[in-house]
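K.L.:
Have a look at this fold, sequence not included:
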């Protein structure tokens, strides 16, 4: 199977937009991307933050239902969808890998739904920090500090809050001792138990 081509994307650059024809499947090699949807009034909703090792663009629809853009300077591997489809048809191990990837995506989305559930703003932000920490752990990366390359507005667009509310929630978490430092793009967790409690999670 082809190894694909490496594509560099500058921060803020769009990889594909909603409605673009699906031609390639991508894997993040370096940097971070975001998956977005836009409401009819143009308001942006961030659906997912992607990290090295994450896949995107894999769909059997003819057009992308979401958009993708670089959150930081990034590089992705691009492989033609037709090549991926042929591989899934002829190589069982690729089908298994795809199923595992799909399961990881579904589990991640369920985490997001839980994060955006019946929680107040501070609990949502605390859950978001823990969500990023878990993502780093799953990718085999150190879990402290928590890497947070996104802006407060990006977090607000993800959590369904205003930027001011997100900033206030971070300040509350620092004041309560849950996080020790908040110096983008890093956040240090000072008290994991307290942070989980702030997120309305079991100790």
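P.N.:
Sure thing, it's come through. What you are looking at is a predicted structure, and each value in this text was computed from that prediction instead of being measured. Residues are numbered from 1 along each chain as shown.

K.L.:
so how far is stretch 87-99 from its chain's centroid?
P.N.:
24 Å (CA atoms, centre = their mean, to the nearest Å).

K.L.:
okay, the residue lying closest to residue 139 once chain neighbours are set aside: pLDDT?
P.N.:
Distances taken as CB to CB, 6 or more residues apart in numbering place residue 53 nearest to residue 139, at 5.4 Å, with adjacent residues excluded. Using the backbone N, CA and C atoms, a C-beta is placed for each residue, glycine as well. According to the predicted model, the pLDDT of residue 53 comes to 84.

K.L.:
Next: the one 4 residues further on.
P.N.:
Taken from the predicted model, the pLDDT recorded for residue 57 is 88.

K.L.:
cool, residue 148 as well?
P.N.:
pLDDT at residue 148 comes out at 91.

K.L.:
That one: what's it in contact with?
P.N.:
129, 132, 184, 185, 186, 187 (CB atoms under 8 Å, 6 or more residues apart in numbering).

K.L.:
of those, the lowest pLDDT goes to which?
P.N.:
residue 184 (74).

K.L.:
Number of residues surrounding residue 45?
P.N.:
13 (other CB atoms under 10 Å).

K.L.:
my bad, residue 89
P.N.:
With other CB under 10 Å as criterion, residue 89 counts 10.

K.L.:
same thing with residue 10?
P.N.:
Neighbour tally, residue 10, other CB under 10 Å: 10.
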